[in-house]
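J.: Provide a 3D model corresponding to the input given below.
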Amino acid sequence: MKLTSPEKKWIQSIFESFAPPSTITEEGELAPAPGEVDYADDFAVLNRHATPVAKLGLRAAVVMIATSPVWTGRGLKSVNGLSREERTELLGELSAHSNAAVRELTWLLKVQTGMALLGVDDIRRRSRYDKERDSGTPIKLRIKKKSESAK
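T.: Okay, here's the model as predicted:
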């Protein structure tokens with residue numbers, strides 16, 4: 001299922017609040033440059049390859065966080081109606097929420113943000129994530145055949 005226009009805006013707002021863009025891109029700095037990461041596209045790619053249950057969980061996480069200003073008492077607005085600082089504070093609150101489902105769905109999108117960041121070659125290079133690895137990326141894992149795993 002394609003992302004709707006509101007979903008794309010929500011995803012961009014949410015993910016940018018987990019990893020705010022910065023004009024400083026020093027070695028080791030994970031903060032993306034403005035516009036360096038297309039979070040909505042990365043989300044769509046993950047969603048395309050996910051199981052039906054994972055797809056539902058990802059979409060539910062986006063809708064939950066997008067509507068959270070309403071049910072956390074911040075007024076009748078979506079997450080886009082908050083400043084980046086307010087969104088970042090809100091995500092911190094949701095990450096520590098008393099409801100386990102709220103916490104887990106928030107962390108699910110935080111993990112997705114990290115995957116999107118490390119999917120950008122320049123950010124990955126700056127982070128030195130692959131520093132100790134001789135081979136390039138992406139890593140291709142060999143799948144064991146049933147006869148191999150039985151040994």
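
J.: Buried residues of stretch 3-14, list them for me.
T.: For stretch 3-14, burial by neighbour count (16 or more other Cβ atoms under 10 Å) applies to 3, 7, 8, 9, 10, 11, 12, 13, 14. C-beta here means a position set from N, CA and C on the backbone, and glycine is covered the same way.

J.: tell me the mean pLDDT for that stretch?
T.: Stretch 3-14 shows a mean pLDDT of 94.

J.: got it, and stretch 36-56?
T.: Stretch 36-56 comes out at a mean pLDDT of 91.

J.: Determine how far it lies from the middle of the whole chain.
T.: 9 Å (Cα atoms, centre = their mean, to the nearest Å).

J.: Looking at the buried residues of stretch 3-14, spot the one nearest residue 72.
T.: Of all the buried residues of stretch 3-14, residue 72 sits closest to residue 14, with 14.1 Å by Cβ to Cβ.

J.: measure that closest one to residue 143 for me?
T.: Taking Cβ to Cβ, to the nearest Å as the measure, residue 14 falls 34 Å from residue 143.

J.: Equivalent analysis for residue 57, please.
T.: 25 Å.

J.: Could you do residue 116 as well?
T.: From residue 116 to residue 143 the distance is 25 Å (Cβ to Cβ).

J.: Please enumerate residues in contact with the helix or strand hosting residue 107?
T.: Using DSSP states H and E, residue 107 maps to helix 100-118. When contacts are defined by Cβ atoms under 8 Å, 6 or more residues apart in numbering, helix 100-118 is touched by residues 14-15, 18-19, 30, 32, 37, 39, 42-43, 46, 57-58, 60-62, 64-65, 91, 94-97, 123-124, 127, 129.
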